[in-house]
Each structure stands twice: as structure tokens, then as C-alpha cells.
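Trainee: Would you be able to build a 3D model of this:
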Amino acid sequence: MAINTLRLRPTLRILLDEHLALAAVLKGMQALLRQSRQVGQPPDLETLRAMVFYLDEFPEQHHHRKESDLLFPKIRARSVESRDLLDHLGAEHDQGIFAIHRLEHALLAFEVMGDSRREAFECALERYTDFYLSHMRQEEQEAFPLAQKVLTTQDWDELDAEFSLQTDPLLARDRNGVYRDLYRRIADHVRLPGLAGAG
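Mentor: Residues are numbered from 1 along each chain as shown. Purely as a prediction, here's the structure:
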């Protein structure tokens, strides 16, 4: 099942934009590590810390909760066939909390212990990235198209109102908000259309 971009409600546009921001940060972290190896210098740990903080602060604490607490219950109420899929995606959201803590610990160990812990951090980042790219792909290919198929206009109106209250700090809508300094620190390393200052 493919998502119908011609019928994209604000809720799904917000979620897809947030997926793009998350993927860009993950790939930006990998790029920082590759570049530092190429030039034979330590990576920019301050920027890596900002990126890991962003992953914990927004996708884990807000993005996934919007999906699990707002979108998924509405899909469940309209579709019996969604149960296994949404149980699986919800379990992955729960796993993500532990995964980000493992990544944070691996980064801290790299900072404190030096190069002897670099490979462990890079492996932790690789696992985290693979996990989330796969998770987001399943949401976009299965959960979001199912939502388009089964949710009513009233469902979407309620979701759109709720989703508009929270925005990703890396998206242009929040460029002057409380995450402004975090955004500026990360934006130099993340190039994504739609992000203020990118490109």
C-alpha cells in the first residue's frame, strides 16, 4: 500500500516532515564521523551531542507519542486489521527509548575514554540508524496509507488540530522558538529542503 500524496492531510505532512528531519540528523551524524576519519581528526563531539540530544528530546519524547497516543488509537478504532501492525510499531516506539539511551551512553564513553570507544559508538549509531529508517519506512508504507483509507473527516480534523500544537525544532516553523540554539548548532551539518537556513 502506498501513501496518497494527493490526499495528504496536515497530520501526515507533519509526520513525514519530521521523518525527513530525523533521517537527516542520523545521516548527518554518520557523515560527521566519516569526514573525521577521512581527515584523521576527532569528530565534532559538541555537534554530535547536540544531535543525540535532539533525537532524545524530540522524536523520542514528542514525535512517537503523537503517533502512539493520537494517530494509532484512531486507526485501531476504525480497522481491526491494524492491530498487529500498530502493536509492532508501538513496541518499536518503546524500544526506541532504550535504544537512544544506549546511543547516549556510547557517545559519553567515546568522549570520556577516547578513541578506544569510537568503534563502539559508530556501531551503536549504525544500529540506531538502521532501526529507525526501517521503522519509519514501515509507518510510511503501511500505517499512513491505512490511516488514509479508514479515518473519517472528523478524525482528521481532530488530529490536525492536535498535531499543529507541537512542531519539530528542526523545522522552519520553530526556528525562533525555544530550540533556536539547538537548531542553529545542527543546521550547519544537516541539509534538508524546508529547514530554515538549509541549502
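Trainee: CA atoms only: put the host helix or strand of Ile75 into CSV for me.
Mentor: According to DSSP states H and E, Ile75 maps onto helix 72-78. Backbone C-alpha positions of helix 72-78 (Å, rounded to 0.1, in the frame of the first residue of the first chain) are rendered in CSV as follows:
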residue,chain,number,x,y,z
PHE,A,72,-2.7,5.0,16.2
PRO,A,73,-5.7,4.8,18.5
LYS,A,74,-7.9,6.4,15.8
ILE,A,75,-6.7,3.8,13.2
ARG,A,76,-7.3,1.0,15.7
ALA,A,77,-10.9,2.2,16.3
ARG,A,78,-11.6,2.1,12.5
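Trainee: quick one: contacts of it?
Mentor: The list of residues contacting helix 72-78 from outside it, by Cβ atoms under 8 Å, 6 or more residues apart in numbering, reads 82-83, 86, 89-90, 143, 146-147, 150-152, 155, 158-159. Just so you know, the C-beta spots here come from the backbone N, C-alpha and C atoms, and that holds for glycine as well.
Trainee: Select only the buried ones of those in ChimeraX?
Mentor: Command for ChimeraX, covering only those of those found buried under the criterion 16 or more other Cβ atoms under 10 Å:
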select :82,86,89,90,143,146,147,150,151,155,159
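Trainee: For His64, see how far away the closest residue to Gln138 other than its chain neighbours is.
Mentor: Spatial nearest neighbour of Gln138, excluding adjacent residues (Cβ to Cβ, 6 or more residues apart in numbering): Leu89 at 6.7 Å. Plainly put, Leu89 is 9 Å away from His64 if you go by Cβ to Cβ, to the nearest Å.
Trainee: Repeat that for Gly96.
Mentor: 6 Å.
Trainee: ditto for Gln148
Mentor: In this structure, Gln148 and His64 are 20 Å apart, going by Cβ to Cβ.
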